[in-house]
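Enquirer: can't give you the sequence, but here's the structure:
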């Protein structure tokens, strides 16, 4: 089969590798219907994350189950499934508390499995995959694919930030995850949603998903603007969906005392001054999102066409042209690239 | 009147200064019945916090109201009152959300007012002070004094860490605040309370307040021990009550994925590696405790003799001998020093 491999920063290739096969009785093999490129794939692409050995790229996926191990019970051959970007057993104490991304058996699909490929082996299939109510029509596939990471991650960020009725929510980051956090905040009934964005196309999408205000300022000026819009107090709920020093501290500063910060941008080289966090007096929750917790709900909302997260994909390319997709995202010409077969 | 002034690290003096008087119509003047020395008073004492100009020391206080401003309505002359170490109006949006330490009108009693003195002017008396049900007997005074900061702060830490039934709680720090967090966790019904302490006398007090286990290891070894005691997962709830780099990261590491960290040790020179916090996947809440939120409940629990926080005071000295008290705490010969008149 064919799959995407990253050899070095900027060096993305389509290569043939062996078809995956069942290794553990809890595995499933899926044939991908679509996959995509994630903002986090740009970290190694840009040389910010070291590449020790060639990386099997891709961690977002939807597809049809081709084979299951003997112990798989909730998924059957022929099911259309959506999976989380973190493998989980969904039975341990941590999973039962809703933190499947911290599962005792957690492992990242990224790097190891690589779902920018025709097929993939998914360990702990029962705990990681969720079947859709039937075979989806083609127009639902982007939305279901989004649920695998960006929607699930944005959703978690909004939940972590306790976005809801009566709340003012500020979203730092206008990438796909930030946009999905806006969608989630809107769905959860937030009163006011402030998108922090400088990009005209993304501002438009932010408004489509529910943003009521756009703030173009960043850093301290961005914080000052959020305070100005919230009677000097700061937002009740802030989502951080970038992962840089500036964006993280902007998010801390934009959160009112006692407010909630949900952070999902992978922190690279971020160092948080303890004293600043201390005197901010805020709730924080972040990290790799427990997407599996939200998948059943998200799939249903998509199936019922209540939410339409698929619009985050503004470029579609066949798998062979993955390298073009990476370039487009790196240069911010595309928000999120879907790869088809 | 007499009051404690710190001129330089290690240089604590009793000095005469003018009696305080009503400045704003929301002020009250109280005559102190007792006051005390806080672990945080040791930061400038040890030269870790800079002393720009002489500091009026003390921020914990109980006493009798001598005078009130025209707009004070809930407190009257003659009332015995307990106050928070942060001034709050208790009416703004932030206060109503329970975060009085982040009040729009918040100011710290420490440094500015100085309650290691015979009298003190308390701004926003209605929002900061709570009257006891009557004049307390002498034996209740230490407990009521503890409510002003260490009990209120430890209580907040336990609440922030969501200590409660079925939970394993780890407490980093065996100072007065850590001990009070143990008391709070026990009162909230925590199943298991692990005190991290190397000090025999404090271990004993920790057990008195409800600790079920003692861990003497620190840093990574401390984290490993907590994991060992919790089936490899980490504690559900962790309280950080020290404020150093080691103790903070020990607390982060001891918290299970999806668990709750409440941190109340004032972070000095702590820098939190963002990536480590990210992958920990934990809830955090910390900062100066909104003691005012808890005061009515805490006063009642003390009044009813349901809790006995007063035991944290293991040395009592008259105000004149405050310098001795500072030395005893600095050298860890005393956990907490009460100053009397």
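Expert: Great, that's in hand. This is a predicted model, so every value here is computed, not measured.

Enquirer: what helix or strand does the residue in the stretch 151-300 of chain A positioned nearest to chain B sit in?
Expert: The minimum distance from the stretch 151-300 of chain A to chain B, using C-beta to the nearest C-beta, falls at residue A:257 (2.3 Å). Yep, even glycine has a C-beta here, placed from its N, CA and C like the rest. Assigned by DSSP states H and E, residue A:257 belongs to strand A:255-263.

Enquirer: could you point out which element follows that strand?
Expert: Next along the chain after strand A:255-263, taking DSSP H and E as the criterion, comes strand A:271-273.

Enquirer: which positions in that following strand come out as buried?
Expert: residue A:272 (16 or more other C-beta atoms under 10 Å in any protein chain shown).

Enquirer: quick one: residues in contact with it.
Expert: Among residues not part of strand A:271-273, those counted as contacts by C-beta atoms under 8 Å, 6 or more residues apart in numbering or on different chains are A:245, A:248, A:249, A:252, B:270, B:271, B:272, B:273, B:274, B:277.

Enquirer: do that again at 7 Å, thanks
Expert: With C-beta atoms under 7 Å, 6 or more residues apart in numbering or on different chains as the contact definition, strand A:271-273 has outside contacts at A:248, B:271, B:272, B:273, B:274, B:277.

Enquirer: and what of stretch A:196-216?
Expert: Counting by C-beta under 7 Å, 6+ apart, residues outside stretch A:196-216 touching it are A:170-172, A:174, A:179, A:182-183, A:185-186, A:192-195, A:222, A:225-226, A:229, A:311, A:335.

Enquirer: avg pLDDT for that stretch?
Expert: Mean pLDDT, taken over the full extent of stretch A:196-216, equals 96.

Enquirer: again with stretch A:83-91
Expert: Mean pLDDT, taken over the full extent of stretch A:83-91, equals 97.

Enquirer: gap between that stretch and the chain center?
Expert: 14 Å (C-alpha atoms, centre = their mean, to the nearest Å).

Enquirer: give me the buried positions along that stretch.
Expert: Using 16+ other C-beta under 10 Å as the test for burial, stretch A:83-91 gives A:83, A:84, A:85, A:86, A:87, A:88, A:89, A:90.

Enquirer: please apply the same query to stretch A:233-248.
Expert: Residues of stretch A:233-248 classed as buried by neighbour count (16+ other C-beta under 10 Å): A:233-245, A:247-248.

Enquirer: ok, which of those also contact chain B?
Expert: The subset of the buried residues of stretch A:233-248 lying close to chain B, counting by C-beta under 7 Å from any C-beta of the partner chain, consists of A:233, A:248.

Enquirer: for the closest residue to residue A:28 other than its chain neighbours, which residues are in contact?
Expert: Counting by C-beta to C-beta, 6 or more residues apart in numbering or on different chains, residue A:28 lies nearest to residue A:125, which is 3.5 Å off, once chain neighbours are set aside. Residues counted as contacts of residue A:125 (C-beta under 7 Å, 6+ apart) are A:26, A:27, A:28, A:68, A:72, A:75.

Enquirer: can you give me the distance of residue A:125 to residue A:156?
Expert: Taking C-beta to C-beta, to the nearest Å as the measure, residue A:125 and residue A:156 are separated by 22 Å.

Enquirer: do residue A:26 as well
Expert: Taking C-beta to C-beta as the measure, residue A:26 and residue A:156 are separated by 25 Å.

Enquirer: those two: who's more crowded?
Expert: Ranked by neighbour count (other C-beta atoms under 10 Å in any protein chain shown), residue A:26 and residue A:156 place residue A:156 first, with 28 against 22.

Enquirer: ok, the nearest residue to that one once chain neighbours are set aside - contacts?
Expert: Take residue A:156 and drop its neighbours on the chain: the residue closest to it by C-beta to C-beta, 6+ apart is residue A:289, 3.6 Å away. With contact taken as C-beta under 7 Å, 6+ apart, residue A:289 is in contact with A:101, A:152, A:153, A:156, A:264.

Enquirer: isn't the last one up against residue A:151?
Expert: Same thing as residue A:264. No - the pair residue A:264 / residue A:151 is not scored as a contact, 11.8 Å apart, by C-beta atoms under 7 Å.

Enquirer: geometric centre of chain A: which residue is closest?
Expert: Closest to where the C-alpha atoms of chain A average out (C-alpha atoms, centre = their mean) is residue A:150, at 2.6 Å.
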